[in-house]
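# Just the structure for this:
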Amino acid sequence: MDNKILNNQQSTSVIWIDIISIFPEMFQILTNYGIIAKAIKNNILKIKCWNPRNYTSKKRKNIDNKPYGGGPGMIMSAIPLIQTIRHIKSIKKKGITKTIYLSPQGKLLNQKIICSFSKFSQIILICGRYKGIDERIIEMEVDEEYSIGDYIISGGELAAMVFIDSLIRIQPGVLQDEKSFQSDSFYNNLLDCPYYTRPINIEGKCVPTILLSGNHEKIKKWRKIESLKRTLHRRPELLKKNENQ
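Numbering: from 1, shown residues only. Here you go, the predicted structure:
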């Protein structure tokens, strides 16, 4: 992993994440449980949700409309979202701000990209709905589009949760063992090795003897080999990435 990225992680104090969503209640599960709740409690993370319905002049608070040119589905309107984004940006916070639209048409999110976001103090996440958002929002206000996979989900909220969880767990002070994430799958373009815990024998399936030896150098070497073997078998394209770097 790039040392510059690690240095950025170590220098990060508080990350502000502003979420634009018509269903802000969905994010309560993040803020009430797990490592996200811990990060908020320890003042490592600040999360605020913004509902674009509060930035429309329509009586029914509609934030969608039919697409020009016809066709099925509805499109999230430009003006409420643009006004929401600009209001968030007007609330000054120290550091650099990045505006991200979670979209199936975006670049595929990976561990290296997640690590690169540690240098930003404020991240704005736009959660699309329906058939998507007016293209002019992307042209005028969005810095980058990211996708969590080549499939369609009902909205950007779940994708935003994935983004936040993967970003926060690499921040200093979040995990009990801060070196833990450095052995995770994808951290160095490799899948992690297999792990075992008690009991030693389950219906004749035993823990590999090397893991019981107490020889940490041999165990480290075994885990490296198993990591390479697993990557070659399951995700060989990751090894090609290592070759090209």
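# so what secondary structure elements neighbour whichever strand in the chain runs longest?
Criterion DSSP state E: the longest strand present in the chain is strand 97-108. Contact analysis of strand 97-108 by 3 or more C-beta pairs under 8 Å, 6 or more residues apart in numbering; DSSP states H and E lists helix 78-90, strand 122-127, helix 135-141, strand 144-147, helix 156-168 as its packing neighbours. Where C-beta positions appear, they are placed from N, C-alpha and C, glycine not excepted.
# in the shortest one, what counts as buried?
If you call a residue buried by 16 or more other C-beta atoms under 10 Å, then strand 144-147 has these buried ones: 145-147.
# What number of neighbouring residues does the spatially closest residue to R223 that is not a sequence neighbour come out with?
Spatial nearest neighbour of R223, chain neighbours left out: C193 (4.2 Å); criterion: C-beta to C-beta, 6 or more residues apart in numbering. The local packing of C193 (other C-beta atoms under 10 Å) involves 18 other residues.
# ok, C193 touching R230?
Yes. With contact defined as C-beta atoms under 8 Å, C193 and R230 form a contacting pair (6.7 Å).
# check contacts around the most centrally placed residue in the chain.
Geometric centre of the chain, nearest residue: F163, 1.6 Å, by C-alpha atoms, centre = their mean. F163 sits next to 100, 102, 109, 114, 125, 146, 148 when contact means C-beta atoms under 8 Å, 6 or more residues apart in numbering.
# From L109, how far out is it?
F163 sits 7 Å away from L109, going by C-beta to C-beta, to the nearest Å.
# shared neighbours, these two?
By C-beta under 8 Å, 6+ apart, the residues touching both F163 and L109 are 146, 148.
# how about low-confidence regions in the chain?
By pLDDT under 70, the weakly predicted segments of the chain are 1-12, 92, 176-187, 242-245.
# which residue ranges form the strands in it?
Under DSSP E, the chain gives strands at 15-20, 45-50, 64-65, 75-76, 97-108, 122-127, 144-147, 201-202, 205-206.
# Strand partners (parallel or antiparallel) of the last one?
To tie it back to what came earlier, the one meant is strand 205-206. Each strand paired with strand 205-206, and its direction, by DSSP bridges: strand 201-202 (antiparallel).
# With adjacent residues omitted, what lies nearest to S227?
S227 sits nearest to C193 (C-beta to C-beta, 6+ apart), 4.5 Å away.
# next one: phi and psi at the one you found?
With angles defined as degrees, to the nearest 10, C193 sits at phi -80, psi 170.
# for stretch 60-80, which positions count as buried?
So, applying 16+ other C-beta under 10 Å, buried residues of stretch 60-80: 63-64, 75-80.
# Centre of the chain to the longest strand of the chain, how far?
How far strand 97-108 lies from its chain's middle: 10 Å, per C-alpha atoms, centre = their mean, to the nearest Å.
# Next, the angle helix 78-90 makes with it.
130 degrees (axes from the mean of the first three to the mean of the last three C-alpha atoms, to 10 degrees).
# Let me know the closest of the contacts of F163 to I20.
I20 lies nearest to L125 out of the contacts of F163, by C-beta to C-beta, at 6.8 Å.
# So what's the residue count around E135?
Neighbours around E135, by other C-beta under 10 Å: 10.
# Kindly report the same for the one 3 residues further on.
Taking other C-beta under 10 Å as the criterion, the count of residues near I138 is 20.
# Spatially, what comes nearest to it if we skip its sequence neighbours?
Y101 (6.1 Å).
# Can you tell me the number of residues neighbouring the one you found?
Around Y101 there are 26 residues (other C-beta under 10 Å).
# got it, and the one 10 residues further on?
Other residues near Q111 number 17, with proximity taken as other C-beta under 10 Å.
# where's it relative to L191, distance?
Q111 sits 11 Å away from L191, going by C-beta to C-beta.
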